Structures are given as C-alpha cells and as structure tokens.
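K.L.:
fold the following and give me the result.
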Amino acid sequence: MKQLFQILALLLTTLVISQEKEVIPPYNIKTITFSQNVNNTIPFFRLGENFDLQFDDLYGNEADYYYTIEQYNYDWTPTQLLKNEYLSGLDNQRIQNYQNSLNCLQIYSHYTLSFPNKFNQIIKSGNYIVKIFDEDQEIVFSKKFIIYEDNTAVGITVRRSRDMETVNQKHNIEFFIDFKDKLLQNPKENVKVSIFQNGKFNNAIHNIKPQYTIGTQLIYRYNKETQFWAGNEYLNFENKNIRGASNTVFKVTSGDIYNTFLYTNEARKNKIYTFFPDINGNFFVNNLNTTQNTIEADYSWIYFSLVSDINPLEKSIYVTGMFNNYQLSDEFKMEYNTKTKTFEKPILLKQGFTNYMYTVVDKNGKIDEKNAVDGNFYQTENEYIVLVYYRGGVERYDRIIGIGRANSTDIIN
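P.N.:
Numbers count the residues shown, from 1 in each chain. Okay, here's the model as predicted:
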C-alpha cells in the first residue's frame with residue numbers, strides 16, 4: 001500500500017508539472033501585450049487573423065530576441081502534434097522589428113512580433129504559448145494566447161446568482177452550444193468549454209459538462225458551477241501628460257525619470273456600488289504630445305496607496321491588470337506602512353490610460369475574490385467569453401470550434 005501511494009503521488013506530481021504555466025518576465029522587460037490595429041486586446045484570435053506581440057526592454061541595447069510557438073491541449077498539457085502539423089514554416093526566428101525610444105528619460109528598445117509573418121503561420125486552432133529567448137537561448141518570458149475557429153454558435157445569458165447569500169455579489173453564466181448540421185462524435189464527452197471573465201486566465205472556469213441536449217444544442221444552465229464573483233469596476237489613472245496632475249494624479253516630481261503619485265484609494269467593499277466606466281482591465285499607451293506612442297511614450301514610477309482593513313499578516317494585496325498580465329509577483333505586491341496605516345507600492349509603468357485592481361491573496365497563494373478589497377456587486381460591468389473545444393475520436397489535438405461573448409450590462413434577474 002505504501003508503494004501504491006508513492007506511485008500515485010508521483011503520477012499526480014507529474015500531471016501538475018506537465019501543465020504549462022507562463023514564465024514571468026525579468027525586471028527589464030515591460031509592457032508585454034498582444035495587440036490588433038494598434039490597440040491592446042485579450043489574446044483570443046480567429047484562425048488566420050493578424051495580431052502582434054509587443055514588449056519593451058529597458059536596457060535599450062537592441063538585444064537579440066528569438067521566439068518559439070508551441071501548441072497545448074485544453075488543459076495546457078503538451079499537444080501530441082508535431083510542430084509542422086500546426087505551424088506552416090519555421091519558428092525559432094529572431095525578432096527583427098524593433099525601435100529605440102525617442103525623447104524619453106527612460107531609454108528602452110521596443111519590439112514587435114507580428115503573426116502571421118514571412119517565416120511562419122499558425123494553421124490550426126487551439127491553445128498556444130509564445131516563448132521569448134535571448135541570444136543564449138535562455139527563456140526570458142512566455143505568454144499564452146488562443147486561436148479559435150468561429151464556426152459553431154454559442155449563446156450566452158448573464159444572470160444574477162440564484163443563491164440568496166450571493167444574489168447581490170455574483171454573476172451566473174448560462175449558455176448553449178448549437179453545432180447544427182456539423183457531425184460531432186459523442187459531443188457530451190468530446191466537447192469541453194472554458195469560461196473567462198474579462199479575459200483573465202487566473203479565475204477561468206473549466207471542465208463543465210453539458211446538463212442536457214435539445215436537438216442540436218448542448219445546454220449549460222448551472223446554478224453554482226458557472227458563477228463568478230462580480231467584483232467592482234476597475235480603478236484607473238491617466239498620465240498621458242506625464243508632467244501634469246489630474247483627477248487621479250495629485251503630484252508629479254522629476255528626477256532621473258518622472259514620479260507620479262496617485263490619490264490614495266479607499267476600499268469600496270462597504271460602500272454602495274457606483275457606476276464608473278472602465279475598459280475591463282485594459283490599458284492604452286499614450287503620450288499627449290507625440291504621434292509614435294510605442295517609442296515616444298515615457299515611463300514613470302507610479303505610486304499606489306490603499307486604505308483597507310485587510311490584515312497584512314494574513315493576506316497580501318497586489319496591484320494587477322492587463323498591464324502586468326494579472327501577475328502575482330513581488331514587483332507588484334503592496335507593502336504595509338504601519339505609520340500611515342496604508343498599503344503602498346511604486347510600480348514602473350508606461351504612460352497613458354491604465355485600468356488596475358487590487359487583488360487579495362491568502363497565505364496559500366490563492367486569490368480571495370470573496371473578500372475583494374473593492375467588494376462584489378452584481379451591477380458591475382464585465383465581459384464574459386465562452387470558448388468551445390472539441391476533439392473527435394481520431395483527432396490528436398483540441399480544436400476550438402466556437403466562441404461566444406456577453407456583457408453583464410444585459411444581466412437578467
């Protein structure tokens with residue numbers, strides 16, 4: 001029995017290790033984002049669409065960076081396909097499109113990697129990770145993205161929770177998948193779904209089975225299994241005029257680079273909900289006085305401060321958003337100032353308009369959405385995305401055959 005338990009433990013450990021996670025970038029790599037038509041976007045792209053991966057290197061020495069593209073299964077374990085089965089052409093190429101910053105106090109080199117490009121093109125849908133390497137073939141960072149086929153209808157309804165304890169705090173996602181005249185083998189078992197709130201990977205819901213079928217539709221009408229904590233509208237700041245104060249910036253000082261001090265935020269969980277338009281965690285790089293934002297927008301130290309009753313000995317607070325891929329690392333972890341009784345953190349960010357939120361994490365590293373700093377309100381505007389995966393009996397990878405989107409502004413009681 002002891003040997004059996006050891007074998008089981010080893011198998012479980014192997015399973016966990018085999019699930020690929022993103023590699024956190026080093027300090028000098030900033031503003032990593034996927035974009036389309038200049039705008040930053042959630043990294044879900046239709047097969048064949050053009051999109052870019054962009055990032056800055058604060059060393060500004062025009063270093064050589066290389067990339068690889070790897071496909072993964074639904075659960076982010078390595079695919080069985082050979083690279084030439086999902087990629088036309090060759091990867092492990094040097095990123096050739098880069099420019100140095102212009103008229104900025106903080107020097108940097110800005111890199112743009114376009115897909116598809118003259119070297120390769122992704123030819124199958126699925127989960128992907130792009131890995132960036134330096135000239136010594138040491139990995140610098142990696143980023144997940146998803147390629148989908150939009151050929152299966154997905155209908156989504158956002159409802160309030162049916163549980164009276166959370167009716168004012170949660171969103172419940174109901175949806176159906178209509179495969180119509182498409183021949184899907186054993187769809188109840190071969191179809192899988194992932195549900196995302198504002199494109200975040202860290203609280204996505206997976207492995208939900210259809211409850212029943214009606215004709216060619218798979219129906220998902222769960223009461224609890226497809227619920228999200230609604231959260232609150234994102235906070236924001238704008239420093240497109242990097243030298244000036246605004247309604248979110250109360251002071252700017254200069255040194256080697258600019259220092260931008262934001263007004264102190266107060267926890268909103270015990271306040272009434274107030275509608276305040278946001279961009280669901282996104283950010284826009286913008287310098288008011290330039291035309292080439294990618295290389296003429298400067299960096300500034302942004303000083304965040306928060307008044308909250310969170311016990312710093314029991315839980316940690318991080319500043320997160322699309323600007324840092326919701327990353328939970330020491331670079332974004334707030335420190336508690338016992339004199340001012342506030343949580344504080346300076347973060348180096350590129351100027352523009354930035355959405356952010358405060359994320360509470362317990363001692364086990366688990367995000368505590370229930371006790372969010374800014375509370376949970378069913379009125380909060382969130383975007384929900386459902387991705388539909390399918391693997392037929394003879395197929396060796398998980399295709400993404402459909403996508404559905406809905407917004408909680410259309411919530412139903």
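K.L.:
these two touch, right, residue 60 and residue 100?
P.N.:
Yes. Here residue 60 lies in contact with residue 100, judged by Cβ atoms under 8 Å, at a distance of 6.1 Å. Heads up, the C-betas are built off the backbone N, CA and C, glycines and all.
K.L.:
list residues touching both of these two?
P.N.:
Listed contacts common to residue 60 and residue 100 are 107-109; contacts here mean Cβ atoms under 8 Å, 6 or more residues apart in numbering.
K.L.:
ok now stretch 298-316, how far from the chain's centre?
P.N.:
20 Å (Cα atoms, centre = their mean, to the nearest Å).
K.L.:
my bad, should have said stretch 187-196
P.N.:
That offset, for stretch 187-196, works out to 21 Å (Cα atoms, centre = their mean).
K.L.:
stretch 367-387 too?
P.N.:
14 Å.
K.L.:
just the C-alphas of that stretch, formatted as PDB.
P.N.:
Extracted in PDB, the C-alpha atoms of stretch 367-387 (Å, rounded to 0.1, in the frame of the first residue of the first chain):
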ATOM      1  CA  ILE A 367      -6.800  34.600  -4.800                       C
ATOM      2  CA  ASP A 368      -9.600  35.600  -2.400                       C
ATOM      3  CA  GLU A 369     -12.300  37.100  -4.600                       C
ATOM      4  CA  LYS A 370     -14.900  36.700  -2.000                       C
ATOM      5  CA  ASN A 371     -13.200  39.200   0.300                       C
ATOM      6  CA  ALA A 372     -12.100  41.600  -2.500                       C
ATOM      7  CA  VAL A 373     -10.900  45.000  -1.400                       C
ATOM      8  CA  ASP A 374     -13.500  46.700  -3.600                       C
ATOM      9  CA  GLY A 375     -16.300  44.200  -2.900                       C
ATOM     10  CA  ASN A 376     -18.500  42.400  -5.300                       C
ATOM     11  CA  PHE A 377     -21.600  43.900  -6.900                       C
ATOM     12  CA  TYR A 378     -24.000  42.300  -9.400                       C
ATOM     13  CA  GLN A 379     -24.300  45.700 -11.200                       C
ATOM     14  CA  THR A 380     -20.600  45.500 -12.200                       C
ATOM     15  CA  GLU A 381     -20.000  45.600 -16.000                       C
ATOM     16  CA  ASN A 382     -17.900  42.500 -17.000                       C
ATOM     17  CA  GLU A 383     -17.300  40.800 -20.300                       C
ATOM     18  CA  TYR A 384     -17.700  37.000 -20.400                       C
ATOM     19  CA  ILE A 385     -16.300  34.800 -23.100                       C
ATOM     20  CA  VAL A 386     -17.000  31.100 -23.600                       C
ATOM     21  CA  LEU A 387     -14.600  29.000 -25.700                       C
END
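K.L.:
return the set of buried residues in that stretch.
P.N.:
367-369, 372-387 (16 or more other Cβ atoms under 10 Å).
K.L.:
again with stretch 399-406
P.N.:
Buried, per 16+ other Cβ under 10 Å, within stretch 399-406: 399-404, 406.
K.L.:
so which of those belong to strands?
P.N.:
399-404, 406 (DSSP state E).
K.L.:
mind putting those residues in JSON lines, pLDDT and distance to residue 326 included?
P.N.:
Below are these laid out as JSON lines (pLDDT from 0 to 100; distance: Cβ to Cβ, whole Å):
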{"residue": "399", "pLDDT": "96", "distance to residue 326": "27"}
{"residue": "400", "pLDDT": "98", "distance to residue 326": "22"}
{"residue": "401", "pLDDT": "96", "distance to residue 326": "27"}
{"residue": "402", "pLDDT": "96", "distance to residue 326": "25"}
{"residue": "403", "pLDDT": "97", "distance to residue 326": "21"}
{"residue": "404", "pLDDT": "97", "distance to residue 326": "22"}
{"residue": "406", "pLDDT": "97", "distance to residue 326": "21"}
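K.L.:
nearest to residue 116, of those?
P.N.:
Nearest to residue 116 among these, counting by Cβ to Cβ, is residue 400 at 17.6 Å.
K.L.:
spit out the contact partners of that closest one.
P.N.:
125-127, 146-149, 387-390.
K.L.:
top of those residues by neighbour count?
P.N.:
Tallying neighbours with other Cβ atoms under 10 Å puts residue 125 at the head of those, with 27 neighbours.
K.L.:
that residue touches residue 401, doesn't it?
P.N.:
Yes. Between residue 125 and residue 401 there is a contact at 7.4 Å, judged by Cβ under 8 Å.
K.L.:
which neighbours do the two share?
P.N.:
148-149.
K.L.:
where does this structure dip in pLDDT?
P.N.:
When residues are selected by pLDDT under 70, those of the chain lie in 1-18.
K.L.:
with adjacent residues omitted, what lies nearest to the residue nearest the centre of it?
P.N.:
In the chain, the residue lying closest to the centroid (Cα atoms, centre = their mean) is residue 200, at 4.0 Å. For residue 200, ignoring the flanking residues on the chain, the nearest one in space by Cβ to Cβ, 6 or more residues apart in numbering is residue 326 at 5.8 Å.
K.L.:
same check on residue 75?
P.N.:
That would be residue 19: by Cβ to Cβ, 6+ apart, it lies 6.3 Å from residue 75.
K.L.:
surely the residue nearest to the centre of the chain meets residue 280?
P.N.:
No. Counting by Cβ under 8 Å, residue 200 sits too far from residue 280 to count as a contact (9.5 Å).
K.L.:
just the closest of the ones in strands among the buried residues of stretch 399-406 to residue 361, please.
P.N.:
Once Cβ to Cβ is applied, the member of those that ends up nearest residue 361 is residue 406, at 28.2 Å.
K.L.:
I'd guessed that closest one sits against residue 154; true?
P.N.:
No. Residue 406 is beyond contact range of residue 154, at 9.3 Å (criterion: Cβ under 8 Å).
K.L.:
among the shared contacts of residue 60 and residue 100, who's most crowded?
P.N.:
Ranking the shared contacts of residue 60 and residue 100 using other Cβ under 10 Å puts residue 108 first, with 25 neighbours.
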